[in-house]
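# could you look at this predicted model? Sequence included:
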Amino acid sequence: MSPLPHSHTSGNMWLARCDYVAKLVDPFALNEKKLPKQYYDTDERCHGYGRYFFEHWVHSHPSMSPCDLYTGEEFVWGYYRVPPVPFEKSLQKAPRFIFNRYDNPNNCGVAPETALGRHIKDYKDLYNSSVDDSWWGWEFFWNVYLPPPSTKKVATKKQSVQLKLKMERRSGLGDPPALSPHESTKENSDGDLLIVVDQRPLHKHKQHEYNDTRTKERLQPPRSIIIKADERESHFWTRTDQCYEINNVCYNRKKGGDGLIHTSWFYFANDEEEVILPLTTPKQPNLILGDANRRIRIYINTTVTSSIPKRSELSSYDNNTNQCIVSLIPNHVVVQSVHNHMMGEFMLKSYLSLTHLMIDSATYSSFNNNSGIQFYLHMGSEEHEQNAILDSHKLYFAGLPYSGQGAKSFGDIFDDKGSSQCECFDTLVFCGYKEYRKEHSTTLIPDERIVVQNRTCKADYLESSEQLMREECQVWADMKKSLTSSLERNNPHLEEEIAAYRTRLIRNAVANFSSTEIRDIDEEEWTVIGLTQRYLRTWIHLNETLAHCNKSYHAKQLVCVEVNVDDLSPVNSIVTKQPLLPEDHHLILHRSLNGLIGIHGSQLTQGLLMKSGSVVVELLPWFRKKIWGAFTSSVKHPTPMGVMFHNTDINEVGYRLKLNSIPQCMNKPEGELDNCLKLMRWNIRDFVVELEMVERFVGTFFPSKLQTPGYVGDITETPLCSDLRKRGESNNFVLYNVWCCENDDTDNVKVQHYYLDRNSWDEEEAPQIS
């Protein structure tokens, strides 16, 4: 049995007791139109209506006690990842897995609160019945984000976090919490807080306010939760003045007379609160949220509000046009900065600050819980990117210290061609906005970036090389460590996937130019170099470069492969035997590489996913001084891309392209060259890379591939700094961030930054033709 998107058995093959089947509604009632109209009016797979009702029918009664036979996580419902026969069978009470395990590429976008509401509504519509304390769904939705505890008397992390968040909302930080009649609290001598919740009904408890008011009160097991004194801190978003929090807010999407969906926003009140209009609380102000195009996205005017619905009234709000449901996820955070649609800008202006806000927040690191935040990405500055969210965005959000439920597009809420919906949030936070406050009114406008106050260093590309060297700033290094730790924790089979993927890359690369199959591949003995391709700023003649590399070095166990994240062919996981999700594919691909070479641009940001000691080569566009974009070719200090690798465990270098990399301008006379370069700006022009770049790269960073066996000096073997610098600069590289030994002591490994004295586009330097 699968509980999503409604209780059903895919394929409609099941076994049930006769006394239970006798309780079910007559199956012929559907064709006879004796059921509520929605059941026979249309075929709707996401609700179990029409023909899909018959897969739902046997599970439709509230007294059902479901079981499950299949043990695998890769197939949970639908017609996707159907397991081959025979398969292992193990009879177990269903649902077998937690909510997120039932996620599916065709999951109808079912949120936990939506699924719960549908079950309750079905029982009422079909049987005029509710559910009692023994209903299977209580356990499933209670443990919606975490595996069930081994015993009901053990508190889950989700319970701990939600109680803590409730305490902070009710009482303010550090104050004794205002508890419900069923809660008690005390502090020990160390200032730790002990919360004890007894076994009386908790129908109005914060964690059960999503219950239908017609259901019976549910008994909860007693539990004790200890919150350490040093963990009773503020949320991470309170550590910057560019995050703004509001509470108890809903959006309501309805179809208007023009046939389009229109979104309105309003506040609601907790049942125990006395509402005095107009609202004057800081967390429920008159609110206007706009974007850089002066378009208003959210407008809430409490001064003209005639009434505020209570929490228990939300299910019947707006004359039942939409059933408003409070999200089970306690915190929803909208992230915005200028040009978020470009991954480099996103990393510099949003992601780095988000990571450090969380790293420094003991509230989240101590609980290590991944259920309490839903992130949204707001493209507030780009008209044409309102609804865009890339697979790379999803991957990096999943790598945050407190990754929550991943990321969605904030623009989807305002899609005027979507479906009707009403959703409410306990806490909604906007990060990356300027706040303009007047009395009880607040206007939020997208800001350039999210800023962490009191950061000791920036490691910004606008800083001078002297300042970067002097600060010894670790902000990017700490961010990469956190990213790597989170992604490895979220992917327990990552190393197995990487080994299989590397073997596939090596085998395919050799097969492209050789009829001899390599049977036994020890992937750890090989070096795999990725050459990036993209639709904008295309690497001209990339296939020739790949062939040249592989013919020259495959005998030395080095291959080159194309990396195009916009055009990845589906690859099956060796664990699930099903296609990898795009974001997982990105991660495994880049973790499989020893080197990555590409033009300055967003695809190189994924070099941060690579293993320690890998090499990222940034191809620097050729420039003349005073032409826009020369910052992408700086060698006196890191480029905006290169600064992301500052002091990380990745070797990041630049390779200076020549004028012959611009075929459109190469033969222009001196008087016309500047005009050609202005027309063919670096961000729109395709480029050529001479084949000798491959030899220069291998000779600098993997010289053993050019030497006799046993030669030591590869970047992965920690070369001497003097040798590496000499090889690099003689081969046209600038060594922004490299690891090497200052002497023969291989334990004395340090990161070095060998910037050049002048930029390649300084006027005194003549154009490089060859």
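Nice, I can see it. Numbering: from 1, shown residues only.
# what lines up beside the strand of greatest length in the chain in the sheet?
For the chain, the strand that runs over the most residues, judged by DSSP state E, is strand 243-255. If you go by DSSP bridges, strand 243-255 pairs up with strand 261-267 (antiparallel), strand 421-431 (antiparallel).
# quick one: Lys121 from Cys422, how far?
14 Å (CB to CB, to the nearest Å). Every C-beta, even on glycine, is put in place using the N, C-alpha and C of the backbone.
# of the two, give the one with the bigger neighbour count.
Using other CB atoms under 10 Å, the more surrounded residue of Lys121 and Cys422 is Cys422, with 21 against 16.
# show the contacting residues for that one.
Cys422 sits next to Cys250, Tyr251, Asn252, Arg253, Leu314, Tyr317, Asp318, Asn322, Gln323, Cys324, Ile325 when contact means CB atoms under 8 Å, 6 or more residues apart in numbering.
# how about low-confidence regions in the stretch 1-150 of the chain?
74, 79-81, 100, 103-113, 142-150 (pLDDT under 70).
# the strands in it, which residues?
67-70, 89-93 (DSSP state E, counting those that start in this stretch).
# and the ones you listed: which comes nearest Thr605?
Comparison of these against Thr605 by CB to CB identifies strand 67-70 as nearest, at 39.4 Å.
# which positions in the closest one come out as buried?
Asp68 (16 or more other CB atoms under 10 Å).
# who's in contact with that strand?
Met1, Pro83, Phe87, Glu88, Lys89, Ser90, Leu91, Gln92, Lys93, Ala94, Pro95, Arg96.
# quick one: which of those residues has the most company?
Neighbour-wise, those (other CB under 10 Å) top out at Pro95, 22 neighbours.
# check the separation of the first and last residues in stretch 268-281.
With CA to CA, to the nearest Å as the measure, stretch 268-281 spans 12 Å from end to end.
# centre of the chain to that stretch, how far?
Put simply, stretch 268-281 sits 35 Å off its chain's centre (CA atoms, centre = their mean, to the nearest Å).
# pull out the buried residues from it.
By neighbour count on 16+ other CB under 10 Å, the buried set for stretch 268-281 is Phe268, Ala269, Asn270, Leu279.
# adding pLDDT, write those residues out as a markdown table.
Shown next, in a markdown table, are the buried residues of stretch 268-281 (pLDDT from 0 to 100):
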| residue | pLDDT |
| --- | --- |
| Phe268 | 92 |
| Ala269 | 91 |
| Asn270 | 91 |
| Leu279 | 74 |
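# can you list those residues in CSV and add distance to Ile715?
Compiled in CSV, those are given as follows (distance: CB to CB, whole Å):
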residue, distance to Ile715
Phe268, 58
Ala269, 61
Asn270, 59
Leu279, 61
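# so can I have JSON lines of the strands of the stretch 1-150 of the chain showing distance to Pro492?
Rendered in JSON lines, the data for these read as follows (distance: least, CB to CB, whole Å):
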{"stretch": "strand 67-70", "distance to Pro492": "21"}
{"stretch": "strand 89-93", "distance to Pro492": "21"}
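# between those strands, which gets nearest to Glu618?
By CB to CB (comparing all of the strands of the stretch 1-150 of the chain), the closest turns out to be strand 67-70, at 48.1 Å.
# list the buried ones in stretch 503-519?
Going by neighbour count (16+ other CB under 10 Å), the buried part of stretch 503-519 is Thr503, Arg504, Leu505, Ile506, Ala509, Val510.
# which one of the strands paired with strand 243-255 lies closest to Ile296?
Using CB to CB, the strands paired with strand 243-255 put strand 261-267 closest to Ile296, at 10.7 Å.
# which strands or helices does whichever helix in the chain runs longest pack on?
Secondary structure of the chain per DSSP state H: the longest helix is helix 494-511. When contacts are defined as 3 or more CB pairs under 8 Å, 6 or more residues apart in numbering; DSSP states H and E, helix 494-511 sits against strand 527-532, helix 542-553, strand 558-563, helix 582-591.
# the same query, at a cut-off of 10 Å, please.
If you count contacts as 3 or more CB pairs under 10 Å, 6 or more residues apart in numbering; DSSP states H and E, helix 494-511 packs onto helix 475-490, strand 527-532, helix 542-553, strand 558-563, helix 582-591.
# and it with helix 582-591, angle?
Here helix 494-511 runs at an angle of 70 degrees relative to helix 582-591 (axes from the mean of the first three to the mean of the last three CA atoms, to 10 degrees).
# burial check on the nearest residue to Gln603 once chain neighbours are set aside, number of neighbours?
Nearest residue to Gln603 in three dimensions, chain neighbours excluded: Thr532, at 4.8 Å (CB to CB, 6 or more residues apart in numbering). Using other CB under 10 Å, Thr532 is surrounded by 22 other residues.
# what distance do you get for Thr532 to Glu544?
For Thr532, the distance to Glu544 - CB to CB - is 16 Å.
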